[in-house]
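In: Task: produce atomic coordinates for the following.
(one chain, ligands or ions: 2)
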Amino acid sequence: MPSTAPEPHRTPAPENAAEAAGAHRPWTVAVLGPGGVGGLLAALLSRAGHRVICLAGETTAKALRENGIRVRSEPFGDFTAEVEADTVLREPVDLCVVAVKHTSLDEALERVPAAVLGPDALVLPLLNGVEHTGALRDRYGHDRVAAGVIRVESARVAPGVIEHGSPFADIDLAGGTARPLTEVAAVLEAAGLRARVAESETAILWAKLAFLAPFALLTTRYGTGAGPVRTEHREELLALIEETTAVGRAEGAPLDAARSVAMFDACPAGMRSSMQRDAEAGRPLELDAIGGAVLRAAERHGIAVPTATRLVAEVGAL
Ligand SMILES: NC(=O)C1=CN([C@@H]2O[C@H](COP(=O)(O)OP(=O)(O)OC[C@H]3O[C@@H](n4cnc5c(N)ncnc54)[C@H](OP(=O)(O)O)[C@@H]3O)[C@@H](O)[C@H]2O)C=CC1
Ligand SMILES: CC(C)(CO)C(=O)C(=O)O
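Out: Numbering: from 1, shown residues only. Ligands and ions are numbered 1, 2, ... in the order given. Prediction:
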């Protein structure tokens, strides 16, 4: 789901990237959940010269300490990055990326004590969904938490082994004042990601969810990639996008259904959702954070969402 026409990623010279970002010094970055998303970011940031501390369970932390993170990626190349790894954060950081699944968020956050984070740390969650930002702010304070979304297709195939499959890896950021978001975006850009600072948290979170909910629900329900969904289930796709767009607009996001449809049509035909991968692997689904969040917002605004309601039930029953 490229936000604009895809361009090839730049692969920065690792030794110069932190400096090129305008950062005066390499940052210390904690990554909670070094999986498909977190592992890719951790490896890219480490390769760019930053100190990266991955936070995970003992087995994964040990694998990362011993073998680093191995990335297979067409745009970024195949490379191995050294990272530190621990089961709990023990020192202040500049940035803490949160990239666990919703289903393990509460448990995982125990690894990041608010008192340890440091006064200037910015917490950047990259989870899908719209409701976690509030929960993070209750724990870490309003200003220390930004809203973030990532558009990427990346999977953890084993602890510390990441396959990045999409030609894009784009991050939108908004809110959070502990650290200027332009600095965070510069650090991410210098590591090779595309990063954009936006005005409105609601706009970025709902722009993603209004697209993602139809994508995740339909790919998971039918067990196919973007291509077959948009040809064989087009009517359902269009109805679902109309519903999620209406809900997002009621929440205050300036959404356009035609844009989401165009984004869907621009996806590689074989592109799959992380929910679909979870379903295939028998892992818990983020159904409540994605589909459930749409239904709850629809109810708040008195909007009928029959297609979303049916698909959430059908995916839940799979
Ligand atoms: N994958 C994708 O392409 C995209 C995903 N997203 C969103 O990003 C978020 C993360 O997804 P994704 O990267 O796919 O998830 P993964 O399942 O690939 O990775 C989750 C990581 O969290 C770790 N983890 C699980 N429980 C805990 C815990 N209690 N404490 C610490 N670490 C824990 C896992 O450890 P272990 O390695 O030991 O299992 C794993 O490394 C989700 O909200 C998803 O919807 C957004 C855009 C695209
Ligand atoms: C749709 C996609 C791949 C885009 O980033 C995604 O967010 C997901 O599958 O969770």
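In: switch to C-alpha atoms for all contacts and neighbour counts from now on
Out: Noted.
In: Close to ligand 2: what parts of the stretch 51-200 of the chain are there?
Out: Near ligand 2, the residues belonging to the stretch 51-200 of the chain are 150, 151, 152, 153 when assessed by CA under 6 Å from any ligand atom.
In: Ligand 1 next: which of those are close?
Out: Under the cut-off given by CA under 6 Å from any ligand atom, ligand 1 has 150, 151, 152, 153 from these close to it.
In: JSON lines for those, including secondary structure, pLDDT and distance to residue 141?
Out: Written out in JSON lines, the entries for those read as follows (DSSP: H, G, I helix; E, B strand; the rest coil; pLDDT from 0 to 100; distance: CA to CA, whole Å):
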{"residue": "150", "secondary structure": "strand", "pLDDT": "97", "distance to residue 141": "22"}
{"residue": "151", "secondary structure": "strand", "pLDDT": "94", "distance to residue 141": "26"}
{"residue": "152", "secondary structure": "coil", "pLDDT": "93", "distance to residue 141": "28"}
{"residue": "153", "secondary structure": "coil", "pLDDT": "91", "distance to residue 141": "30"}
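In: tell me which of the residues you listed is nearest to ligand 1?
Out: For those, the closest approach to ligand 1 (CA to the nearest ligand atom) belongs to residue 153, at 3.4 Å.
In: quick one: the strands in the chain?
Out: All strands of the chain, identified by DSSP state E, fall at 28-32, 51-55, 69-73, 79-81, 84-86, 95-98, 122-125, 147-151, 154-158, 161-164, 170-174, 194-197.
In: Tell me the strands beside the fourth one, with direction?
Out: According to DSSP bridges, the neighbouring strands of strand 79-81, each with its direction, are strand 69-73 (antiparallel).
In: still on that earlier bit, which member of the residues of the stretch 51-200 of the chain next to ligand 2 is positioned nearest residue 285?
Out: Taking CA to CA as the measure, residue 285 sits nearest to residue 153 out of these, at 16.5 Å.
In: What distance do you get for the closest residue to the closest one other than its chain neighbours to residue 272?
Out: Closest residue in space to residue 153, ignoring its immediate chain neighbours: residue 166 at 5.1 Å, by CA to CA, 6 or more residues apart in numbering. Residue 166 sits at a distance of 10 Å from residue 272 (criterion: CA to CA, to the nearest Å).
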